[in-house]
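Undergrad: Only the shape, not the letters, is given here:
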């Protein structure tokens, strides 16, 4: 089954203790697609500007990403500049230029409107709602957001959250939106706002899943080569949604499998700049690392 | 088999969003003993002042803690005042009064010198070395420390670290002493300084174990009632060392079991002020929670 991802396609400039990369292909929808494609078809809804290199479009196409709703507009591509220091757990944003993202209102094709699995990556919650309204009968809606929208557009965010099945947030966001310091209480409060499931991402500390009668905790894969963590959360979400799109029924076992594959995919993401590692990733790489991971986390 | 713990016996004044407790029984050796006693005998080496209430001595005795080397000196008992806010992950120290701890040089009995399992909880590394020199032939030495000693007495700390089998540190301490930001690399570097095993405690995010050919990651038990985390790390260490003291041979399986029991014991500690919960804990409570925990963490 296909998965439709709404998000950003960006030009990222990133500095870490391991080097600098300028105007790399990045953005939430791109990182999501790089892992989701290993499980099934991915349709991408995003906008790019006139400056977006054709070679990046080809790069995505060659990896099987369906670009029917990747719309090129007049203006510049969304660009982000960030730096990481120390333990690389926290990005310092140096500049954000919205460019064509400022006027983005996605319109998808009638065919895409029939897709059952949707992931609304972090963009303005009004854009997320706009896309969701075009979906005919989605069966699984994943939603990501960020502190900026929690602070500045909470009403719009709560509106789209009511229609989501799975809310994906990092620990700071989960605490901020729920107004609960304890993550279990935060998850419970978020569930009361609409979604059936909550997935709290804790960076190098792994994830906490809450909902559908289960609590599930999984550490991150212990990699010793963290080069650039940009996009790790979206790579996680791509693997997670990819497994669920392939499942006939969402059971606790399938959810755990989805979280585990998401975790493994994210561990490859951080081992290179941008999509350096995930763009070359195969399903075989994932399962090989999954086997090692089992030894690290099973009691 | 017995375990000897060197550490502090303290009067703690703690403020959290859930209340204030004044001059509670606390200290690293006390918290360690509260969980270690569930697995076997614990001998405690520490100092107290003239102000230390007899009822606290009785409290420890009634729980089977051997107090031969709990020495009362002229002066005041070591006292700590701290406060927690928000997510309760970080204590803010308001005051530390060393009292009799300033002159502490433990002398243990000839019988205690034969104990095979030793835990050197966080005190001045020179005191740790002083105690370790009195041990006849310890087979398992656990060592804890803190940032203060890493900064101010690193040479003395490195000396005792060379004689330890297991170094227990929180993530900030592990990074600071190893000068490595990545925790796997930090663990590897710490191993090169002497100990065979490294256990990195990450508070609400669980632990990372490295050594003896294994890497093992375990999340913390997801409790929704974090009242006072003071002593959670020592409670963890007590359960961990307790399981190892009972084992005939240290295998990967035993290490994982020890880490899991330590994690469960620590989860009870945080659910009450001081030793409120752990002092009433039974082995049955531990195994019941362990069963629930399995559902939360098994892939």
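TA: Yep, it's here. Only a predicted model underlies this, so the values are computations on that prediction, with no experimental measurement involved.
Undergrad: What about residue A:280, how many residues nearby?
TA: Using other C-beta atoms under 10 Å in any protein chain shown, residue A:280 is surrounded by 12 other residues. Quick note: C-beta positions are derived from backbone N, CA and C, even for glycine.
Undergrad: Residue A:286 belongs to a helix?
TA: Yes - counting by DSSP: H, G, I helix; E, B strand; the rest coil, residue A:286 is part of a helix.
Undergrad: Against residue A:194, how distant is the residue nearest to residue A:143 when sequence neighbours are not counted?
TA: Excluding its sequence neighbours, the residue lying closest to residue A:143 (C-beta to C-beta, 6 or more residues apart in numbering or on different chains) is residue A:164, at 3.8 Å. The spacing between residue A:164 and residue A:194, counted by C-beta to C-beta, to the nearest Å, is 6 Å.
Undergrad: Compare the two (neighbour count), which wins?
TA: Taking other C-beta under 10 Å, residue A:164 and residue A:194 do not tie; residue A:164 has more neighbours (26 against 16).
Undergrad: need the contact list for the more buried one.
TA: By C-beta atoms under 8 Å, 6 or more residues apart in numbering or on different chains, the residues touching residue A:164 are A:120, A:141-143, A:194-195.
Undergrad: Strands - which of the residues you listed land there?
TA: A:120, A:141-143 (DSSP state E).
Undergrad: ok, the residue lying closest to residue A:272 once chain neighbours are set aside - contacts?
TA: Take residue A:272 and drop its neighbours on the chain: the residue closest to it by C-beta to C-beta, 6+ apart is residue A:227, 5.5 Å away. Contact analysis of residue A:227 by C-beta under 8 Å, 6+ apart lists A:16, A:18-19, A:270-273.
Undergrad: separation between residue A:227 and residue A:238?
TA: 19 Å.
Undergrad: and if you look at residue A:72?
TA: Separation of residue A:72 from residue A:238 (C-beta to C-beta): 23 Å.
Undergrad: go on, residue A:299?
TA: 28 Å.
Undergrad: Give me the more crowded residue out of those two.
TA: Between residue A:299 and residue A:238, counting by other C-beta under 10 Å, residue A:238 is the more crowded of the two (35 against 15).
Undergrad: show me what contacts residue A:50?
TA: Neighbouring residues of residue A:50 by C-beta under 8 Å, 6+ apart: A:72-76.
Undergrad: pLDDT wise, what is the closest residue to residue A:223 other than its chain neighbours at?
TA: Distances taken as C-beta to C-beta, 6+ apart place residue A:267 nearest to residue A:223, at 5.1 Å, with adjacent residues excluded. You'll see residue A:267 listed with a pLDDT of 97.
Undergrad: I'd assumed residue A:221 was in contact with residue A:267.
TA: Yes - the pair residue A:267 / residue A:221 is scored as a contact, 3.6 Å apart, by C-beta atoms under 8 Å.
Undergrad: what touches both of these two?
TA: Common neighbours of residue A:267 and residue A:221 (C-beta under 8 Å, 6+ apart) are residue A:289.
Undergrad: Buried residues in the helix or strand containing residue A:130, which are they?
TA: Using DSSP states H and E, the element containing residue A:130 is helix A:125-134. When neighbours are counted by 16 or more other C-beta atoms under 10 Å in any protein chain shown, the buried residues of helix A:125-134 are found to be A:125, A:127-128, A:130-132, A:134.
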